[in-house]
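>>> no FASTA, just this:
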């Protein structure tokens, strides 16, 4: 099997360049010192910038299929754009690989990345390939949102209803490699002005809701019985209950957002008319800044946070 | 000594965030799903996007001081923006490090990166920290240039004079860690309309000039006696002559560009009035597409390219 070291950097870049999706607003893509893009002037826009890595042994196992790795790498960035209510436009991808990496595997990763990008009309306009001890992708994305309309984490108010899309938990069973970035939903939520704060669930509700609460200088209570649990998390595993998995597994890449309580009923009806994807009210923001609680059969208890810690 | 694994990801990010330089046009920096930036509307602009990695063992040795690593990581991206005649605005930095990495080293790297960014009025608005086997930085940059004015590699014409800034070679002696991105020079060259093509010298003149020629569908001849050789390359090392080092060492991060021959004399006078940095005419573009030659004591010979190959 041909390895990256056999064909060399230039031939590798030539192959990858052919796989990269384009867009009419790309003036110069892969091959010059920088990519040059020319946005259509369309009212005032704010720009969204995001980078996310996927690293072998950290974000995926060596046994994962290449297309899934590429999908995850691009999907992570698109999910963050979705969480701002934004529209992604251009991506760059830094690839790190050992010289022994099979060329076909690298191309497969790139194809998976390109397929997801193309589906959302996003161009891959640049990047770099470099030698390193393990396989890594670092994806950098640029998107935009009408001026002043980016949905931050910091706008939630006490009393706001807390929602999540989809179902949570069980990412280790493969969901973290197959997720759909919630771009349509994020954009709709922003356009219709339903949301006061939003973020994507990358580390698990138990880690991410405290971040949203902190940014909003508020607290929150999760109603245990309402948390939507993904099929992959519905059995106790390694002594971890389904609820625990739904709160702590991470990499759900669903949206977490808040809606003013007085608008909650109208919002739920509008959502149901627009999307088939589930959207579940899982709790409420409170005035007890920094305090996150779970309300279950035994009353309210402080949440035990247990999300993913990178350097643990 | 405190290690990254001791303090954890959140505390590390908090420390790094405090070191990140800002700009008035940053609406939301590190800490939300994406960074949000609001460009000042100023005529039509094209946007420049670039990513570049620096990896321990590939782009720097483990013994290199942290500030130099950060300087190099940011400088590489700024050098590419300079080569388009552009103005960098915002950066994101993905950091990869083993859990045993000393916190002080990571902060030192970040300080070096921040110092160079700040010097050019560039904000660091986001990024990611993740665990991995060796230390790496992936820097993503966004800059801009007036609409249609980005200086590409593809505009050189047969007969154009070929120039380089500064002096070449000897990067291994430390120059690759200390270089100044030629942003003032690149912008001036673009604004005054002197240049037909430009790129930065990252892999050495012997590798990079063929790229410029290829993009321009032209050939080139280098006059051996005119190549400016850096002091660090003026002695024969490991059997490699000073000229060979100047052509092949790479990582000069100087500008390589072309000027129409009829304007060359006026250009050289204007440059000398404006900059103290050397600018040397090293050859000429030719009509022999893809053929790169060296003219020396023995007449014209084909150039032996010998730049850095990442997967060799």
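Now that the structure is in, tell me what you want to look at. Treat the numbers as computed from the prediction; the structure is a model and nothing was measured.
>>> and the stretch 101-250 of chain A, which of its residues are near chain B?
With Cβ under 8 Å from any Cβ of the partner chain as the criterion, the stretch 101-250 of chain A comes near chain B at residues A:125-134, A:136, A:138, A:140-143, A:145, A:147, A:150, A:152-154, A:198-200, A:215. From N, CA and C alone the C-beta is placed, and that goes for glycine too.
>>> Now, of those, which are buried?
Burial by neighbour count, judged by 16 or more other Cβ atoms under 10 Å in any protein chain shown, picks out A:125-134, A:136, A:138, A:140-143, A:145, A:150, A:152-154, A:198-200, A:215 from those.
>>> So which of the residues of the stretch 101-250 of chain A next to chain B sit within helices?
residue A:215 (DSSP state H).
>>> Could you check how far the residue nearest the centre of chain A is from residue A:71?
Nearest to the geometric centre of chain A sits residue A:79, at 3.0 Å (Cα atoms, centre = their mean). Distance, residue A:79 to residue A:71, by Cβ to Cβ, to the nearest Å: 11 Å.
>>> Repeat that for residue A:253.
Look at residue A:253 and residue A:71: by Cβ to Cβ, they are 11 Å apart.
>>> Could you measure from the residue nearest to the centre of chain A over to residue A:166?
On the measure of Cβ to Cβ, residue A:79 and residue A:166 end up 12 Å apart.
>>> between the two, what contacts are shared?
Residues within reach of residue A:79 and of residue A:166 at once, by Cβ atoms under 8 Å, 6 or more residues apart in numbering or on different chains, are residue A:182.
>>> which residue sits closest to residue A:108, ignoring its sequence neighbours?
Once flanking residues are discounted, residue A:108 sits nearest to residue A:66: 3.0 Å by Cβ to Cβ, 6 or more residues apart in numbering or on different chains.
>>> Name all residues that make contact with the one you found.
Neighbour list for residue A:66: A:104-109, A:111-112 [criterion: Cβ under 8 Å, 6+ apart].
>>> Let me see the contact set for the residue nearest to residue A:45 when sequence neighbours are not counted.
Excluding the flanking residues, the one nearest residue A:45 by Cβ to Cβ, 6+ apart is residue A:144, at 4.4 Å. Residue A:144 sits next to A:39, A:45-48, A:86-87, A:89 when contact means Cβ under 8 Å, 6+ apart.
>>> got JSON lines for those, with neighbour count and secondary structure too?
What follows is those, written out as JSON lines (neighbours: other Cβ atoms under 10 Å in any protein chain shown; DSSP: H, G, I helix; E, B strand; the rest coil):
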{"residue": "A:39", "neighbour count": "17", "secondary structure": "coil"}
{"residue": "A:45", "neighbour count": "20", "secondary structure": "strand"}
{"residue": "A:46", "neighbour count": "23", "secondary structure": "strand"}
{"residue": "A:47", "neighbour count": "25", "secondary structure": "strand"}
{"residue": "A:48", "neighbour count": "29", "secondary structure": "strand"}
{"residue": "A:86", "neighbour count": "31", "secondary structure": "coil"}
{"residue": "A:87", "neighbour count": "20", "secondary structure": "strand"}
{"residue": "A:89", "neighbour count": "24", "secondary structure": "strand"}
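>>> Export the residues you listed as a markdown table, with columns for pLDDT and distance to residue A:32.
Putting those into a markdown table (pLDDT from 0 to 100; distance: Cβ to Cβ, whole Å) gives the following:
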| residue | pLDDT | distance to residue A:32 |
| --- | --- | --- |
| A:39 | 79 | 18 |
| A:45 | 84 | 24 |
| A:46 | 87 | 27 |
| A:47 | 89 | 21 |
| A:48 | 92 | 24 |
| A:86 | 94 | 26 |
| A:87 | 92 | 25 |
| A:89 | 92 | 18 |
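>>> which residues does the residue of the stretch 101-250 of chain A found nearest chain B bridge with?
Nearest to chain B in the stretch 101-250 of chain A, going by Cβ to the nearest Cβ, is residue A:140, at a distance of 3.8 Å. With DSSP bridges applied, residue A:140 shows beta-bridge pairing to residue A:51, residue A:92.
>>> okay but it is in contact with residue A:80, surely?
No - with contact defined as Cβ atoms under 8 Å, residue A:140 does not count as touching residue A:80 (11.3 Å).
>>> close enough to count as contact, residue A:189 and residue A:258?
No - between residue A:189 and residue A:258 there is no contact, the gap being 10.4 Å when judged by Cβ under 8 Å.
>>> And those two? Which one has more around it.
Per other Cβ atoms under 10 Å in any protein chain shown, whichever of residue A:189 and residue A:258 has more neighbours is residue A:258, with 31 against 25.
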